[in-house]
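> how would this look folded up:
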Amino acid sequence: MNRPPRHRLVPTKVAALAAGVSEATIRKWVSRGKITRYGTLGRSEFDIDELTEIARRRGRRADRTGCADPAHN
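Down below sits the predicted model:
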């Protein structure tokens, strides 16, 4: 029996740590549509797999440009 994939959700603080950015950057990414926000009113949660993929891509970009500053991503 195939089950639909489940999101492993984490709060904003953990999301920021997983992506290597500030909590403010996580909120900016949500407003720009870069990541998906789950949760309820007053409790934002984020898919850890989505965040680790973003962190992986950011790492590759930083390797190429020499800049890991989130403002450049």
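> mind jotting down where the helices sit in this structure?
Listed in chain order, the helices of the chain (DSSP state H) span 12-19, 23-31, 48-65.
> which neighbouring elements make contact with the first one?
With contacts defined as 3 or more C-beta pairs under 8 Å, 6 or more residues apart in numbering; DSSP states H and E, the packing partners of helix 12-19 are helix 23-31, strand 43-47, helix 48-65. (C-beta placed from N, C-alpha, C; glycine too.)
> okay, angle between it and helix 23-31 too, please.
90 degrees (axes from the mean of the first three to the mean of the last three C-alpha atoms, to 10 degrees).
> residues in contact with helix 12-19: which ones?
For helix 12-19, contacts defined as C-beta atoms under 8 Å, 6 or more residues apart in numbering pick out 10, 22-23, 25-27, 44-46, 48, 51-52, 54-55, 58.
> do that again at 10 Å, thanks
9-10, 21-27, 29-30, 35, 37, 39, 43-56, 58, 70 (C-beta atoms under 10 Å, 6 or more residues apart in numbering).
> repeat that for stretch 34-48.
By C-beta under 10 Å, 6+ apart, stretch 34-48 touches 5-12, 14-16, 18-19, 23, 25-31, 50-51, 53-54, 73.
> tell me the confidence at the residue nearest in space to the middle of the chain?
In the chain, the residue lying closest to the centroid (C-alpha atoms, centre = their mean) is residue 51, at 3.3 Å. Here, the pLDDT recorded for residue 51 equals 92.
> any weak-confidence spans in the protein?
Applying pLDDT under 70 to the chain flags residues 1-5, 60-73.
> please redo it, this time with the cut-off set to 80
Across the chain, the ranges flagged by pLDDT under 80 are 1-7, 60-73.
> for residue 28, grab the count of nearby residues.
Residue 28 is flanked by 15 other residues according to other C-beta atoms under 10 Å.
> over to residue 36?
12.
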